[in-house]
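**Student:** Quick check, what structure comes out for this input:
(3 chains)
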Amino acid sequence: MSLQFAPILEQWPYLLGGAWLSLQIAVLAFACGLLIGLFCASILRYGPPSMRRLVAAYVTFATNTPQLVQIFFLFFGLPELGLQLSPFAAVLIGATFNAGAYLCEIQRAGFASVSPTELEAAEVLGFSRPQIVRYVIFPHVIRAMFPALSNQFILMTLGTSMASIFGVEELTARTANLGAETYLSVEAFIVAAVMYVVMTLLATSGLAAYGRMVQKRP
Amino acid sequence: MPLLEITDVKASYGSHMVLEHINLHVDKGEVVSLIGPSGSGKSTLLRLIVGLLPLAGGSVRLNGGIVDYASKAAVRALRSDIAIVFQQYNLFQNMTVIDNVTIAPTKIKRRPRTEVEPYALELLARVGLSHRLNSYPSELSGGQQQRVAIARALALRPKILLLDEITAALDPELVSEVLGTIRELSSDGITMLIVSHEMSFVREVSSRVVFMAEGRIVEAGAPRQIFDAPLQARTREFVGKILRH
Amino acid sequence: MTPAGHFFSYYDILLLGRGFLTTLALALIGCLAGCAAGFAAAILRTTHSRTPAPVRAALIAYCMLFRRVPFLVTLMLVFFAIQSMNANLSTFAVALISIFLISTAYLSEIARGGLESVHENQWQAARAMNFTHWQTLRLVVVPQAWRVILPPAFGFFVMFIKDTALASQIGVMELTSAGKVLGNKGLSAALVYGTILLLYFLMSYPLSRFGKRVEGKLAAARNH
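**Tutor:** Below you'll find the model as predicted:
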């Protein structure tokens, strides 16, 4: 079986454009998910019982159901209730909904990892509350959460490939198009696979470098 | 003829010489102790004898026959005759005490269980652990684990028992129970090569003491010589320091 | 108002039930096969002296690659590759192969972690007592490693149940594909996909709780 990669590789700008869109979706959903997660984690820690139950239900539900079906519900189900979302909006909202739950769990675990003895020690040394947050809680929590956050971002980058199902022209969709045009689908998807590997490797090393830089601050 | 004869042995970690010009013999029934500062190569020598470290030069003879460490069969035969007990007891965590003691003779040496088990029970009685046959290592104290490790080594019916600082990792209260076991074994005539820091014990139980420093043997002789009237200045320095405590 | 059409008929419920079981079968068979292959790969990888370096390098590359490619892309790749080889495999088989490839990569990492969690001194004690490498693995290392491997391996299986939803895109008649079929029959999409979400939840949540309980018991047993 001979493989012809040339026709696929010729179209690298087209594919790269798709990869860029994939990355954008991942970054947007991650950022929004991070905020939602922070909000939910705070409620789980400091909120009234009724709100805590609601948030816990959200997290349990979102982490035990597939992201694809969540987006299907948003895209096909909501119109019946009067709300028609564009494919891109449906994907973004679905991915954010899903990410928010996982990022809530990660951040909750991060906050919980700060031991009360550390806080006591800081208090006894004369730190004010904001100072404790800045010098004790924040660095510790960031360090504790970093691997999980990094991993989650990778998963989300890979997860953007399901946007192709809804017509969003990200990397997987463009690969499928190219494969159909050239009748070289095997070669096309091999190239796409390599591009995803490179994307995630760059993301991992980038995040690791950023993590090291952040750790050096006094 | 000595049971174990070590001639001009050398060993290295990369380019760093950890043992040089080691000449040592152990006769049947003897208890020979190796003493010396940390890093002098005592444990390295034991590991080398049992084939856990490569030989860079010299020879090791067991019962007159040279040990060919390059041959897997020879090393297996050697390990049937020499048993070692480590500082970190190294009991198999997933097996009970009785299983730990019987596993090597039954599964590796392939002796029938009917032969192995009674002897194992006898050994465990000797080390004082008959009441803990079905306990797991994590349920035992350090001293108990070490005694099981000794029973496990003896179950192989070795010609020589090597003991590598077996009390070094124990809480002080637990050291004496293990030393007591060794004392009994020595009076039973078991041939042993011991590495230890417990100087009064070494003095009491050894037929010969060997002082090592920086990978070489500095002096060897009867306990009285080494501790009371050392011939070498280095030996005098070491003994003087430890006896001053 | 919702153009609900009608509620689930008996046949609709059967369709959903069949999809439910197909999803479970895909995840279970794929992950079990991946567990076996992954475990073998992990053993090969931790056996430095006996496995030639190129084989180990290939295994390391494999595990890295298949964890950094989206499941959908792997599915498409396997689908088109098998098509180009003119093999007559069902879409279920194609999905199963894809799941097998990916779960092998993940579970091999998990197994490797478990094997490496067994302290080096267990290996040394066994070696000093003339255990062969395989005897040590069989009698000492694996009995201790499986407790460390089981919880994350089970967690992976539960997580992967959700990923099987993507198999609907190559035509496998699992639970998510039932959504399209029922939608085409005129049922309300919100109702259908809402129900499917619920069914996934009923599959995943109890298993996940069970896994956590077993993990708790194993951790307690290890710390007597």
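**Student:** Check which residues of the longest helix along chain B are buried.
**Tutor:** Criterion DSSP state H: the longest helix present in chain B is helix B:172-187. Residues B:174, B:175, B:177, B:178, B:179, B:181, B:182, B:185, B:186 are the ones in helix B:172-187 that count as buried (16 or more other CB atoms under 10 Å in any protein chain shown). For every residue, glycine as well, the C-beta is placed using N, CA and C.
**Student:** Show me what the helix or strand that comes right after that helix pairs with in its sheet, parallel or antiparallel.
**Tutor:** From helix B:172-187 onward toward the C-terminus, using DSSP states H and E, the following helix or strand is strand B:191-195. According to DSSP bridges, strand B:191-195 has the following sheet partners: strand B:31-35 (parallel), strand B:160-164 (parallel).
**Student:** who's in contact with strand B:191-195?
**Tutor:** When contacts are defined by CB atoms under 8 Å, 6 or more residues apart in numbering or on different chains, strand B:191-195 is touched by residues B:3-4, B:26-35, B:42-43, B:46, B:49, B:159-165, B:182, B:185-186, B:202, B:205-206.
**Student:** where do the helices sit along chain B?
**Tutor:** B:42-49, B:72-81, B:97-103, B:113-126, B:142-154, B:172-187, B:199-205, B:223-228, B:233-243.
**Student:** quick one: contacts of the shortest one?
**Tutor:** In this case it means helix B:223-228. B:35, B:199, B:202-204, B:206, B:208-209, B:211, B:219-220, B:231, B:235, B:239, B:243.
**Student:** Stretch A:38-55 too?
**Tutor:** A:56, A:58, A:59, A:100, A:101, A:103, A:104, A:107, A:108, A:111.
**Student:** quick one: contacts for the fifth one?
**Tutor:** Contacts here follow CB under 8 Å, 6+ apart; on that basis residue A:101 touches A:37, A:40, A:58, A:59, A:61, A:62, A:63.
**Student:** Helix or strand: which one has the first one?
**Tutor:** When elements are assigned from DSSP H and E, residue A:37 belongs to helix A:12-46.
**Student:** What of the fifth one?
**Tutor:** For residue A:61, the enclosing helix or strand under DSSP H and E is helix A:49-63.
**Student:** That helix relative to helix A:12-46, how many degrees between them?
**Tutor:** Here helix A:49-63 runs at an angle of 150 degrees relative to helix A:12-46 (axes from the mean of the first three to the mean of the last three CA atoms, to 10 degrees).
**Student:** Does anything pack onto the helix or strand that comes right after helix A:49-63? Which helices or strands?
**Tutor:** On the C-terminal side of helix A:49-63, the closest following helix or strand by DSSP H and E is helix A:67-72. Contacting helix A:67-72 under the criterion 3 or more CB pairs under 8 Å, 6 or more residues apart in numbering or on different chains; DSSP states H and E are the following elements: helix A:87-112, helix C:175-184, helix C:189-222.
**Student:** Out of these, which gets nearest to residue B:125?
**Tutor:** helix C:189-222 (29.0 Å; CB to CB).
**Student:** I'd like to know how many residues surround the closest residue to residue B:196 other than its chain neighbours.
**Tutor:** Nearest residue to residue B:196 in three dimensions, chain neighbours excluded: residue B:202, at 5.4 Å (CB to CB, 6 or more residues apart in numbering or on different chains). Residue neighbour count, defined by other CB atoms under 10 Å in any protein chain shown, stands at 21 for residue B:202.
**Student:** do the one 3 residues further on as well
**Tutor:** Other residues within reach of residue B:205 by the criterion other CB under 10 Å amount to 20.
**Student:** ok, now residue A:94?
**Tutor:** So residue A:94, with other CB under 10 Å, has 26 neighbours.
**Student:** Return the residues in contact with it.
**Tutor:** A:67, A:70, A:71, A:74, A:75.
**Student:** out of those residues, who has the most neighbours?
**Tutor:** residue A:71 (25 neighbours).
**Student:** right, and that residue touches residue A:90 too?
**Tutor:** Yes. At 5.6 Å, residue A:71 counts as touching residue A:90 under the criterion of CB atoms under 8 Å.
**Student:** what touches both of those two?
**Tutor:** Joint contacts of residue A:71 and residue A:90 (CB under 8 Å, 6+ apart) are residue A:166.
**Student:** Please name the nearest non-neighbouring residue to whatever residue of chain B ends up closest to chain C.
**Tutor:** Per CB to the nearest CB, residue B:90 is where chain B lies closest to chain C, at 3.5 Å. Spatially, and ignoring its direct neighbours in sequence, residue B:90 is nearest to residue C:125 (3.5 Å; CB to CB, 6+ apart).
**Student:** Count the residues that sit near the one you found.
**Tutor:** 26.
**Student:** Residue B:85 versus that one, what's the distance?
**Tutor:** 9 Å (CB to CB, to the nearest Å).
**Student:** what do you get for residue A:135?
**Tutor:** 50 Å.
**Student:** same deal with residue B:54?
**Tutor:** 22 Å.
**Student:** which one of the two has more residues nearby?
**Tutor:** Comparing residue B:54 with residue B:85 by neighbour count (other CB under 10 Å), the higher total belongs to residue B:85, at 28 against 10.
**Student:** Model confidence at the more buried one, what's the number?
**Tutor:** On pLDDT, residue B:85 comes in at 90.
**Student:** Please name the residues that touch it.
**Tutor:** Counting by CB under 8 Å, 6+ apart, residue B:85 has contacts B:146, B:149, B:150, B:152, B:153, B:161, B:162, B:163, B:164, B:166.
**Student:** Now tabulate these in TSV and tack on distance to residue B:14.
**Tutor:** TSV is the format used below for these (distance: CB to CB, whole Å):
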residue	distance to residue B:14
B:146	32
B:149	30
B:150	33
B:152	33
B:153	30
B:161	31
B:162	25
B:163	28
B:164	22
B:166	28
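**Student:** returning to that earlier point: need the helices and strands packed on helix A:67-72 in TSV (columns: distance to residue A:176 and mean pLDDT).
**Tutor:** Shown next, in TSV, are those (distance: least, CB to CB, whole Å; pLDDT from 0 to 100):
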stretch	distance to residue A:176	mean pLDDT
helix A:87-112	15	95
helix C:175-184	18	93
helix C:189-222	23	91
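**Student:** For residue A:149, which of those helices is the nearest?
**Tutor:** Taking the helices and strands packed on helix A:67-72 one by one with CB to CB, helix A:87-112 is closest: 6.1 Å.
**Student:** Name the residues of the closest one that are buried.
**Tutor:** A:87-88, A:90-108, A:110-111.
**Student:** Helix A:12-46 and that one, what's the angle between them?
**Tutor:** 40 degrees.
**Student:** What's the mean pLDDT across stretch C:64-83?
**Tutor:** Rounded mean pLDDT across stretch C:64-83 is 95.
**Student:** low-confidence ranges in the chain?
**Tutor:** I'll assume chain A. A:1, A:215-218 (pLDDT under 70).
**Student:** The chain in question should be chain B.
**Tutor:** Those would be B:244-245, if you go by pLDDT under 70 across chain B.
**Student:** Please tell me I have it right and residue C:152 contacts residue C:111.
**Tutor:** No. Using CB under 8 Å, residue C:152 is not in contact with residue C:111, being 9.5 Å away.
**Student:** The two: who's more crowded?
**Tutor:** The neighbour comparison of residue C:152 against residue C:111 (other CB under 10 Å) goes to residue C:111, with 27 against 18.
**Student:** Any idea which residue of chain B lies closest to chain A?
**Tutor:** For chain B, CB to the nearest CB, closest residue to chain A: residue B:138, 26.1 Å.
**Student:** Give me every residue in chain A that's in contact range of chain C.
**Tutor:** A:1, A:60-61, A:64-70, A:72-73, A:76-81, A:154, A:158-162, A:164-165, A:172, A:175-176, A:179, A:185-186, A:189-190, A:192-193, A:196-197, A:200-201 (CB under 8 Å from any CB of the partner chain).
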